[in-house]
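Novice: what's the 3D shape of this:
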Amino acid sequence: MRPPYSRILFDLACEQSERYADSPAVIAGGRQTSYRQLADGVRRIAAALRARGIRREDRVALLAENRYEWIEAAFAASAVGAVVCPFSTWSTRTELEFLLRDSQAKILFTSARFGDADYTADLAALIPEAASAGRWTSARFPRLEMLVLLGSDAPSGWASYDAFKAAQPLDEAGLPPGERAVPGDDAFILYTSGSSSTPKAVRLSHHGVIENGFNIGERQGLTPKDRVLLAPPLFWSYGGANALPAALTHGAAIVLQPKFDAGEAIELVERHRCTSIYTLPGMSTAIARHPGYAPARLSSLRTGLTIGTPKEFTDAVGWLGAQELCNIYGATETFGNCCVTWHHWPLQRRAHSQGLPLPGVTIRIVDEDTGALLGPGQAGLVEVSGYLTSGYTGASAKLNAEAFTADGFYRIGDVGYLNEDGSFCYVGRRAEMIKKAGINVSPAEVEEVLLRHPAVAQAAVVGAPDTEKGELVVAFVVPAPTRSIDIGDLMHHCRALVSKYKVPDHIEICAELPLTNTGKLQRRALKEAARLSLRREARV
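Specialist: Below you'll find the predicted structure:
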């Protein structure tokens, strides 16, 4: 379909309100908000921000679960040229202290609490000055000027979101020249965990979020008739820089789930007739194993995005009934995704690659030792150019020199290869490769073999230290519903399908795999579990 003309998030909200007016834009918390209502709310919050001195390039922090106000506040900040800094809702008090200091936020929008976290208590401890009536100054965070509680019952010294929304809508035509955002300005600074000891602050531009997001929506085949279920958090690039712009650039509705719960996800799909779903292997498995699961309840699903091995991908298609589900590849630094399969490709083609690079994206594969370009089918280090972060900021700015090549490619830290048709195939994280007796073993390859066994629902493979071979291959497997796993039979299955050095040296059966709050596999925890398991085995 025709992409929107807008290249700034605020302009996008205004443009789509004219194109789609009373069509639903956001469905959250039992409330349906039209595109017209979204634009009106954005203008009101923007006017309140400007009245309180928020200007271009100021930082606006967001600490909230998936809820309508997150989207409204983010788009409103862009109206006055401010940069949105979403924080993880699973942040501890110590982590919040780092995020507030590193982001240099001038204002923070926050929920009162989420799950076990009490944000009002955490912030009161970090910013005791905020309890004072009138203006205050924080000793820890001198740039921070205001705390805004989503809702109306704000503590003393705080502002309420409802009061913000009572402002008259912003007249964007009245903004002085130079105070509006421009397409190349940062829209988001997303904090992402990685190899560094503290989260990396990733800068993402307005035009990149909109353009790359539109292209992701195109690969899914989204239209204004679609409803997109999002349970992964908006503060994650999969949500805020992927699902959100993909849906809104196509006039579709985004259906927010505050946090993933399999039963509620089924209910939301059924109630709102969702046609697209953003999922992960653990989420898809949880849905299929839920007592309330029935294929008929998910019959509206057609497309969406997921990651995983070929088996995990085809399982997700089968369980969810989303016959046009897309396989993906990317990172926060690449605006969430840089490769997506087309929704209309045959199932096996989608299962066995992560798709063609998105428009404007180039991927090259280089030899780890020489840096030489590798040809089709040759696995090496992955480098990406095109829709990329303009670099890290804050404490992580020191990583820029090693993260980017002299000619502007991002070293993503993965191993993969390109097919003859230009589609990309992911092999694994460079740091996760297992070195057994001097030979590289890809965890993803062994996981795919394990998943071919009918009794295995999920599999994760890691390396564990060994004095003789350097590392051993250790597998953790979760049984499929109503099935049990015989380790001897599973070993025989592996020996028949892969070279001897790739066969797991040890297999652990577990009820579930350890996941982060955003659904990523906790390989570090598994590596420690593997080390301890082999130590116990050696003592027997």
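Novice: shaky segments in this protein?
Specialist: By pLDDT under 70, the weakly predicted segments of the chain are 194-197, 438, 517-519, 538-540.
Novice: how is it divided into domains?
Specialist: What automatic domain parsing lists as the domains of the chain is 9-201, 433-539.
Novice: surely Cys339 meets Ile363?
Specialist: Yes. Counting by CB atoms under 8 Å, Cys339 touches Ile363, with 7.1 Å between them. All C-beta atoms are positioned from the backbone trio N, CA, C, and that covers glycine.
Novice: which neighbours do the two share?
Specialist: Shared contacts of Cys339 and Ile363 (CB atoms under 8 Å, 6 or more residues apart in numbering): 357, 424.
Novice: these two - which one has more neighbours?
Specialist: Each of Cys339 and Ile363 had its neighbours counted (other CB atoms under 10 Å), and the higher figure belongs to Cys339 (27 against 24).
Novice: not counting sequence-adjacent ones, nearest residue to the more buried one?
Specialist: Tyr329 (4.1 Å; CB to CB, 6 or more residues apart in numbering).
Novice: for Gly239, see how far away that neighbour is.
Specialist: 17 Å (CB to CB, to the nearest Å).
Novice: do the same with Val148
Specialist: 21 Å.
Novice: before we move on, what about Arg289?
Specialist: Counting by CB to CB, the gap from Arg289 to Gly239 is 24 Å.
Novice: more crowded one of those two?
Specialist: Between Arg289 and Gly239, Gly239 has the larger neighbour count (other CB under 10 Å), namely 23 against 16.
Novice: my read: that one touches Val228, true?
Specialist: No. Assessed by CB under 8 Å, Gly239 is found out of contact with Val228, at 10.6 Å.
Novice: which neighbours do those two share?
Specialist: Common neighbours of Gly239 and Val228 (CB under 8 Å, 6+ apart) are Tyr278.
Novice: and Ile254, what does it touch?
Specialist: The neighbours of Ile254, taking CB under 8 Å, 6+ apart as the test, are 25-27, 71, 227-228, 230, 243-244, 247-248.
Novice: again with Pro359
Specialist: Asn215.
Novice: where does it fall, phi/psi-wise?
Specialist: Main-chain torsions, Pro359, degrees, to the nearest 10: phi -50, psi 140.
Novice: over to Ser34?
Specialist: phi -80, psi 170.
Novice: what's near enough to touch it?
Specialist: For Ser34, the contact set (CB under 8 Å, 6+ apart) comprises 20-25.
Novice: can those go into JSON lines with extra columns for neighbour count and secondary structure?
Specialist: What follows is those, written out as JSON lines (neighbours: other CB atoms under 10 Å; DSSP: H, G, I helix; E, B strand; the rest coil):
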{"residue": "Tyr20", "neighbour count": "20", "secondary structure": "helix"}
{"residue": "Ala21", "neighbour count": "12", "secondary structure": "coil"}
{"residue": "Asp22", "neighbour count": "10", "secondary structure": "coil"}
{"residue": "Ser23", "neighbour count": "16", "secondary structure": "coil"}
{"residue": "Pro24", "neighbour count": "20", "secondary structure": "strand"}
{"residue": "Ala25", "neighbour count": "25", "secondary structure": "strand"}
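Novice: ok, back up a step: neighbour-wise, which of the contacts of Ile254 leads?
Specialist: Among the contacts of Ile254, Ala243 has the most neighbours (other CB under 10 Å), with 32 neighbours.
Novice: would you confirm that that one contacts Arg227?
Specialist: No. Between Ala243 and Arg227 there is no contact under CB under 8 Å: 11.8 Å.
Novice: list the contacts of the residue found closest to Gly422 once you drop the neighbours it is linked to in the chain.
Specialist: Nearest non-adjacent residue to Gly422, counting by CB to CB, 6+ apart: Leu356, 5.7 Å away. Neighbouring residues of Leu356 by CB under 8 Å, 6+ apart: 339-342, 421-424.
Novice: ditto for Tyr426
Specialist: Residues near Tyr426 by CB under 8 Å, 6+ apart: 329, 354, 414, 416, 444.
Novice: okay, strands next: where are they in the stretch 201-350 of the chain?
Specialist: All strands of the stretch 201-350 of the chain, identified by DSSP state E, counting those that start in this stretch, fall at 227-230, 253-256, 276-278, 303-306, 326-329, 339-340.
Novice: now do the shortest one: which elements does it pack against?
Specialist: Using 3 or more CB pairs under 8 Å, 6 or more residues apart in numbering; DSSP states H and E, the elements in contact with strand 339-340 are helix 206-220, strand 326-329, strand 356-357.
Novice: does Ser160 touch Asp153 like I think?
Specialist: Yes. Ser160 lies in contact with Asp153 (CB under 8 Å); the separation is 7.2 Å.
Novice: quick one: which of the two has more around it?
Specialist: Neighbour count, other CB under 10 Å: between Ser160 and Asp153, Ser160 has more, with 16 against 9.
Novice: all the helices of the stretch 351-500 of the chain, residue numbers only.
Specialist: For the stretch 351-500 of the chain, applying DSSP state H, counting those that start in this stretch gives helices covering 400-403, 443-451, 487-497.
Novice: got JSON lines for the ones you listed, with mean neighbour count too?
Specialist: What follows is the helices of the stretch 351-500 of the chain, written out as JSON lines (neighbours: other CB atoms under 10 Å):
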{"stretch": "helix 400-403", "mean neighbour count": "12"}
{"stretch": "helix 443-451", "mean neighbour count": "22"}
{"stretch": "helix 487-497", "mean neighbour count": "15"}
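Novice: what about Ala252, distance to Gly413?
Specialist: From Ala252 to Gly413 the distance is 32 Å (CB to CB).
Novice: ok, Ala351 next?
Specialist: Taking CB to CB, one finds Ala351 at 24 Å from Gly413.
Novice: these two: which is more packed in?
Specialist: Between Ala351 and Gly413, Ala351 has the larger neighbour count (other CB under 10 Å), namely 21 against 16.
Novice: so that one sits against Cys326, correct?
Specialist: No. Ala351 is not in contact with Cys326 according to CB under 8 Å; the separation is 10.8 Å.
Novice: what is in contact with the two at once?
Specialist: Common neighbours of Ala351 and Cys326 are not found (criterion: CB under 8 Å, 6+ apart).
Novice: what number of residues lie near Tyr191?
Specialist: 25.
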